[in-house]
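> just the structure for this:
(one chain, ligands or ions: 2)
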Amino acid sequence: MRAGIVGVGFMGWIHYLAYQQSSKAELVAFASRDPKKRSGDWREIKGNFGPPGEQIDVSKMSVCESLEEMLADDSIDLIDICLPPHLHADAIRSCLASGKRVLCEKPLALDAATAQALAAEATPGQLMVAHILPFMPEFKILVDAAKDGRWGKPIAGRFKRTISPPDWIPDFYDMDRVGGPLVDLQVHDAHLIRVLFGMPTAAACAKQCKDGTPKFYETVFEFEDPSLVVSAGGGVIDSPARGFTHGFEVSFEKATVQFEFAAYADGSTASIPLTIMNSDGSVERPSVGDGDPIAGFLLELDAVADAVATGQVSPILDAKTAADALSICEMQL
Ligand SMILES: NC(=O)C1=CN([C@@H]2O[C@H](COP(=O)(O)OP(=O)(O)OC[C@H]3O[C@@H](n4cnc5c(N)ncnc54)[C@H](OP(=O)(O)O)[C@@H]3O)[C@@H](O)[C@H]2O)C=CC1
Ligand SMILES: O=C1CO[C@H](CO)[C@@H](O)[C@@H]1O
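Numbering: from 1, shown residues only. Ligands and ions are numbered 1, 2, ... in the order given. Predicted coordinates:
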């Protein structure tokens, strides 16, 4: 698969690193407004995981000033949209109109109705959404187990995702530009909940707001099956001390699976490693690799390349499921 990235920021850089490791997906182009980045100087890119940006070799790539310029290149199979959320819908529509396939970073759009419309406008398999959790080894085991039934059905889940104030993201609480912590952050867990448990029918959400946008919340979801016990919590705490934490405890009929990771401002980390508590009382701690954050993105891009090659899109990348994730976020507004 020959891909071109639009938007060279944190995710553009992380995707770039994953393309370098892929044998299925090749990055052949990128579009950036910034002449420095077009010259290969990506050193000022900042994010909250992975290595810092570097000087990259652009000599074998098609370097564009705009998405439109990249869309004119017939040799590109897929546009990889790494733009801020408020630009996703227009960029996707331009790509669809040019007949390009698209991988768009989460959230698919700023609201569920737009996301559903985009999913409907795309031809089958044309639009995919980069929800990363199901490709991260600690989370992938949940999706694999729900699919193959190794521990029976998933019956309960508690999900947590909390960050410090994301001062590096302009307009974070603006629902028309980023969407705040529900749409920008909890959407990861919302997508996972949708994949594992199906679509909730209602949500009871306790929340604190900033300028009318939910900032910190704890939510219990209802499903058609009243026996499912599923909750998600987190948001933004008022301190830079703990930059990021995420985790879960998910019960299947025959096993409970636990994981948590936290990164602190002093450079320390803490974790509950992936742990499986079997109903017979045994405890397992499966190996999940060396913790390289690029590993999940590599699996994600390879799954996208497989979809482009075969026409069969993994349900994890499905645009309608990504739109459902936004509906789950909106249930809590
Ligand atoms: N899957 C995950 O774990 C994560 C996903 N994300 C998602 O990835 C997406 C991008 O986020 P992130 O990389 O952090 O954002 P950044 O701000 O770091 O990068 C976005 C890039 O888009 C381009 N851009 C910004 N504004 C404009 C504009 N007005 N017009 C055209 N281009 C613009 C810029 O690139 P240039 O200078 O090259 O034009 C900018 O560097 C978001 O949807 C976010 O939610 C973010 C973090 C983690
Ligand atoms: O996972 C993430 C970490 O937090 C950021 C701020 O909400 C998100 O954009 C990102 O998707």
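> for the residue in the stretch 201-333 of the chain positioned nearest to ligand 1, list the residues it contacts.
At 7.8 Å from ligand 1, Phe297 is the closest residue in the stretch 201-333 of the chain, using C-beta to the nearest ligand atom. In this view, the C-beta of every residue, glycine as well, is placed from N, C-alpha and C. For Phe297, the contact set (C-beta atoms under 8 Å, 6 or more residues apart in numbering) comprises Ile14, His15, Leu17, Ala18, Ile132, Phe135.
> show me what contacts Gly47?
By C-beta under 8 Å, 6+ apart, Gly47 lies in contact with Gly9, Phe10, Met11, Trp13, Ile14.
> format those as a markdown table; extra columns: secondary structure and neighbour count.
Shown next, in a markdown table, are the contacts of Gly47 (DSSP: H, G, I helix; E, B strand; the rest coil; neighbours: other C-beta atoms under 10 Å):
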| residue | secondary structure | neighbour count |
| --- | --- | --- |
| Gly9 | coil | 21 |
| Phe10 | helix | 19 |
| Met11 | helix | 23 |
| Trp13 | helix | 23 |
| Ile14 | helix | 22 |
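> what helix or strand is Ala263 on?
In the assignment (DSSP states H and E), Ala263 maps to strand 255-264.
> alpha carbons only: can I get that strand in CSV?
What follows is strand 255-264, C-alpha atoms only, in CSV (Å, rounded to 0.1, in the frame of the first residue of the first chain):
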residue,chain,number,x,y,z
ALA,A,255,-11.6,-15.0,33.5
THR,A,256,-11.0,-11.4,34.6
VAL,A,257,-8.3,-9.4,32.9
GLN,A,258,-6.6,-6.4,34.5
PHE,A,259,-4.1,-3.8,33.2
GLU,A,260,-3.1,-0.2,34.2
PHE,A,261,-0.3,2.1,33.2
ALA,A,262,0.5,5.6,34.5
ALA,A,263,3.2,8.1,33.5
TYR,A,264,4.2,10.9,36.0
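> returning to what we had before: state the pLDDT value of the residue of the stretch 201-333 of the chain closest to ligand 1.
Predicted confidence (pLDDT) at Phe297: the value is 98.
> quick check: which element contains it?
Mapping Phe297 onto the secondary structure by DSSP H and E places it in helix 294-310.
> Ala295 and Asp302 touch, don't they?
No: in this structure, Ala295 is not within contact of Asp302 by C-beta atoms under 8 Å, at 10.9 Å.
> off-centre distance for the helix holding Phe297?
Centroid separation for helix 294-310 versus its chain: 13 Å, with C-alpha atoms, centre = their mean, to the nearest Å.
> whichever helix or strand comes after it near ligand 2 anywhere?
Once the chain leaves helix 294-310, the next helix or strand it forms, by DSSP H and E, is helix 319-330. No: judged by C-beta under 6 Å from any ligand atom, helix 319-330 stays clear of ligand 2, getting no closer than 12.1 Å.
> who does helix 319-330 touch, helix- and strand-wise?
Other helices and strands packing on helix 319-330, by 3 or more C-beta pairs under 8 Å, 6 or more residues apart in numbering; DSSP states H and E, are helix 112-121, strand 127-130, helix 187-197.
> tabulate the CA atom coordinates of the helix holding Phe297 in PDB.
C-alpha atoms of helix 294-310 as PDB (Å, rounded to 0.1, in the frame of the first residue of the first chain):
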ATOM      1  CA  ILE A 294       5.000   2.100  17.800                       C
ATOM      2  CA  ALA A 295       4.200  -1.700  17.800                       C
ATOM      3  CA  GLY A 296       0.400  -1.100  17.900                       C
ATOM      4  CA  PHE A 297       0.600   1.500  15.200                       C
ATOM      5  CA  LEU A 298       2.500  -0.900  13.000                       C
ATOM      6  CA  LEU A 299      -0.200  -3.600  13.500                       C
ATOM      7  CA  GLU A 300      -2.800  -0.900  12.700                       C
ATOM      8  CA  LEU A 301      -1.100   0.200   9.400                       C
ATOM      9  CA  ASP A 302      -0.600  -3.500   8.400                       C
ATOM     10  CA  ALA A 303      -4.300  -4.100   9.000                       C
ATOM     11  CA  VAL A 304      -5.100  -1.100   6.800                       C
ATOM     12  CA  ALA A 305      -2.700  -2.400   4.100                       C
ATOM     13  CA  ASP A 306      -4.500  -5.800   4.300                       C
ATOM     14  CA  ALA A 307      -7.800  -4.000   3.800                       C
ATOM     15  CA  VAL A 308      -6.600  -2.100   0.800                       C
ATOM     16  CA  ALA A 309      -5.100  -5.300  -0.700                       C
ATOM     17  CA  THR A 310      -8.200  -7.600  -0.100                       C
END
